[in-house]
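Student: Predicted model and sequence below, questions to follow.
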Amino acid sequence: MSRFLRFLTAAALFAAAGTAALATPNVASAADCTAAQVVTNGGFESGGSPWTADSGTITSDSGQSAHSGNSYAWLDGYGSTHTETLSQSVTLPTGCSTATLRFWLHVDTAETTTSSAYDKLTVKLGGTTLATYSNLDAAAGYVQKSIDVSAFAGQTVTLAFTGTEDSSLQTSFVLDDIALDVSGGTTPPQPGDATRTPAAPGYTVALTSDSTGAGWTGHEDVRFTNASATPLNEVYLRLWDNWHGSCPGNTPITVSKVTGGTPAALSVNCTALKITLPAPLAQGQSGAVGFDLAITVPSGADRFGHDGAFNFLGNALPVLAIRDAAGWHLDPYTNNGESFYSLTSDFTVTLDHPSSLLVPATGTSVDTPGTAGRTVTKATAAKVRDFAWAAGPFTKVSGTSPAGVKVNIYSVTGISSSDANSMLSTATSAVDSHAQRFGAYPYGELDAVIDNNFWFGGMEYPGFVLDLVSTTALTHEIGHQWFYGIVGDDEYTSPWLDEAFTDYATDLALGKSGNGCWNSVSWASSAERITNSMAYWDANSSRYSTVVYGYGKCALHDLRRQLGDTTMTKLLHDYAQSHWNGVSTTAEFKAAAQAVSTVDLTPFWTQHRIDG
């Protein structure tokens, strides 16, 4: 966010569910695995069966509210010593390589502590504790939790939620829409084939908005080439923003009338669409698919959502998944950070909208008159990993950095002109500071959309960021133009490669040395590593920012002190140049650092818990 300020705004956590068009059922087939959702009655709308629960746990009582529908599970909330359990036996099919437990959790409490977990909810699968939440996780609304349970493939085990409450001050653990999705064959297309494909994607999109900018319909075409020696039999589209809806049933992203291949049903909580190609593509051969597209922006000041008249469309366009040595990357959406992993692509996006709306977007935009009262914004972007835009009656101020980058600040109602101009000054300074260290900014103009209602703090897209009025946060989000945007990574598997590196770059841009970085450091367990994946951090969400952002950047400051300022500066510049528009891995960075070090860095990586 990189959701840079998430750890400062825990009390505001609320992801609003979207409404929209029909989604196909969440069932698809892939090789030796039939994708499925194996929890029965996860929304509790069919009564108590097959759940085993204490009396009154499954309810539609008005004391709490459901995430969707009318019923939910309410554990504890008595304000006295109490234990309640909700459980169900589930079977994870053999042959499915990916299994993800998801549920919506609302925690409210009368506890006043900010440091002691008096009341707890434990989530177990079989005899394994997957996650523990407590009164410290209290939030204003439901928050979706996502936990990787792939290790349980082929087993029949009991899924259990147990709430324990101490002798005073109530804590309520409210659960709804529990699902366990399984998908993915066990065999990669060709073990050891590390070539990332489909390569060189090109997206041509034409969309027309409704009168508010919250509804968009049109068409998208995607062209691509198989870079791998392994034939390409299918492609997967990631419909990431369907996480914001209800699967199956109401999804905000709808794909229809697919050409160029045969679509399967949606999988991975309706965020993945497999399209089987008419014939396998050999290495070097190209293909294309097309489809009609409808987007409905849900309510909420989110990276995909609307805050009153202002609409934010991050990750709204379907993009190609990547296949590499691990097979197809079909990781679940995470609201704790990012799941995104894509190759650099070319986008040509035409957005027809009411002239009363300004539409900042990835790339360079040109506005031309449309039909009466409408404007057509054509945005073009080369070698970017994603495309995002916004639509609303923004106030706009513009400037140019000393190095010649055009910067636009788009503000929602309530942002003062002095704050907007302050953010313009921050952005023009930050973009040049990062460019001086890592390489020239390549995306033409830079658009920053400012809204102090963003619960997550900030979020980055190529040439386009969402942010609060915050010098540190905006400098951080602009730093992501290099780490994730230019130097890509698998954000689900290795979130530290964009978050820690960007936080380190932010310190440098703001003149911070990282002295005292490790004050009060406390590792939660031996399993806690800077390099852990989002599967781990979704199960240990309260530690994500502390370790990945905080300890991660501290480790890079320590590496600078180990190597020396001049060597570290050259290492990061050269590393960015050698991975320009490519993909970074932890192993590659460690090898690059070792190559410029006069001593063996193995003890350094071990001490700093940097694996890979």
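Tutor: All right, it came through fine.
Student: quick one: strands adjacent to the host helix or strand of L273?
Tutor: Secondary structure assignment for L273, by DSSP states H and E: strand 272-281. Strand pairing for strand 272-281, using DSSP bridges, gives strand 232-238 (antiparallel), strand 262-267 (antiparallel).
Student: Number of residues surrounding T371?
Tutor: 9 (other C-beta atoms under 10 Å). From N, CA and C alone the C-beta is placed, and that goes for glycine too.
Student: I'd like the distance from A264 to V548, if you could.
Tutor: Going from A264 to V548 by C-beta to C-beta, to the nearest Å gives 34 Å.
Student: Apologies, that question was intended for T334.
Tutor: For T334, the distance to V548 (C-beta to C-beta) stands at 12 Å.
Student: Kindly point out which residues are neighbours of both of the two.
Tutor: Common contacts of T334 and V548 (C-beta atoms under 8 Å, 6 or more residues apart in numbering): W537.
Student: among the strands paired with strand 272-281, which is the most enclosed?
Tutor: For these, average neighbour numbers computed from mean count of other C-beta atoms under 10 Å are highest in strand 232-238, which has a mean of 22.
Student: and W518, what does it touch?
Tutor: When contacts are taken as C-beta under 8 Å, 6+ apart, W518 is in contact with 551, 554.
Student: Now do the SS call for it.
Tutor: Following DSSP: H, G, I helix; E, B strand; the rest coil, the label given to W518 is coil.
Student: In terms of pLDDT, where does it sit?
Tutor: You'll see W518 listed with a pLDDT of 89.
Student: what does the one 10 residues further on give?
Tutor: For E528, the model assigns a pLDDT of 95.
Student: What of A279?
Tutor: With respect to pLDDT, A279 has a value of 96.
Student: give me the number of residues near it?
Tutor: Look at A279: counted by other C-beta under 10 Å, it has 9 neighbours.
Student: From D432, how far off is it?
Tutor: Remark: distance between A279 and D432 (C-beta to C-beta) = 49 Å.
Student: coming back round to it: can you list the buried residues in the helix or strand following the strand holding L273?
Tutor: For strand 272-281, the following helix or strand on the C-terminal side (DSSP H and E) is strand 286-296. Within strand 286-296, the residues that qualify as buried are 287, 289-291, 293-296, counting by 16 or more other C-beta atoms under 10 Å.
Student: Closest one to S167 out of the residues you listed, please.
Tutor: Among the buried residues of strand 286-296, T296 lies closest to S167 (C-beta to C-beta), at 47.2 Å.
Student: mind checking which helix or strand A420 is in?
Tutor: Here A420 is covered by helix 417-438, with elements defined by DSSP H and E.
Student: Run through who's touching that helix.
Tutor: Applying C-beta under 8 Å, 6+ apart, the set of residues contacting helix 417-438 from outside is 395, 397-403, 405, 407, 409, 411, 441, 446, 448, 450, 467, 469, 471, 474-475, 478-479, 481-482, 486-487, 505, 508-509, 569, 572-573, 576.
Student: Which of the residues you listed fall within strands?
Tutor: 395, 397-400, 407, 409, 411, 446, 448, 450, 467 (DSSP state E).
Student: With respect to T100, which of the residues you listed is nearest?
Tutor: Using C-beta to C-beta, D467 is the member of these that lies nearest T100, at 29.8 Å.
Student: pretty sure that closest one is in contact with V449, am I right?
Tutor: Yes - judged on C-beta atoms under 8 Å, D467 makes contact with V449 at a distance of 7.3 Å.
Student: more crowded one of those two?
Tutor: Taking neighbours as other C-beta under 10 Å, D467 and V449 compare with D467 leading, 29 against 25.
Student: For that one, list the residues it contacts.
Tutor: Going by C-beta under 8 Å, 6+ apart, D467 touches 423, 448-450, 454, 457-459, 473-474, 477.
Student: can you count the residues close to S513?
Tutor: Neighbour count for S513, taken as other C-beta under 10 Å: 12.
Student: Please apply the same query to A587.
Tutor: Residues within reach of A587, counting by other C-beta under 10 Å, total 11.
Student: got the contact list for it?
Tutor: Going by C-beta under 8 Å, 6+ apart, A587 touches G612.
Student: Got the phi and psi for A361?
Tutor: Dihedral pair for A361: phi -160, psi 160, per degrees, to the nearest 10.
Student: so it touches T380, yeah?
Tutor: No - the criterion here is C-beta under 8 Å, and A361 misses it with T380 at 9.7 Å.
Student: related to what we said a few turns ago, so which of the contacts of D467 wins on neighbours?
Tutor: Busiest of the contacts of D467 [other C-beta under 10 Å] is E477, holding 29 neighbours.
Student: how close does it get to Y461?
Tutor: In terms of C-beta to C-beta, E477 sits 9 Å off from Y461.
Student: what do you get for L474?
Tutor: Distance of L474 to Y461, given as C-beta to C-beta: 14 Å.
Student: Do I have it right that P393 meets S356?
Tutor: Yes - counting by C-beta under 8 Å, P393 touches S356, with 6.1 Å between them.
Student: Check G327 and give its pLDDT.
Tutor: Among the per-residue scores, G327 holds a pLDDT of 87.
Student: S46 now?
Tutor: According to the prediction, S46 has pLDDT 87.
Student: Please apply the same query to I147.
Tutor: pLDDT for I147: 87.
Student: In contact with it, which residues?
Tutor: 100-102, 123, 130-131, 535, 538-539.
Student: Tell me if I am right that it is in a strand.
Tutor: Yes - I147 forms part of a strand when assessed by three-state DSSP.
Student: Any idea what it is bridged to?
Tutor: In beta-bridge terms (that is, DSSP bridges), I147 pairs with L101.
Student: what do you get for D76?
Tutor: D76 forms beta bridges with S172, as assigned by DSSP bridges.
Student: Hmm, L86 and it touching each other?
Tutor: No - taking contacts as C-beta under 8 Å, D76 lies outside contact range of L86: 11.1 Å.
Student: residue contacts, W74?
Tutor: By C-beta under 8 Å, 6+ apart, the contact set of W74 is 56-57, 59, 61, 63-64, 172-174.
Student: Same check on G444?
Tutor: Contacts for G444 (C-beta under 8 Å, 6+ apart) come out as 363-364, 381, 406, 463.
Student: try P231
Tutor: Going by C-beta under 8 Å, 6+ apart, P231 touches 280-282.
Student: Could you turn the buried ones of the residues you listed into a PyMOL selection?
Tutor: Buried subset of the contacts of P231, written as a PyMOL selection, criterion 16+ other C-beta under 10 Å:
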select buried, resi 281
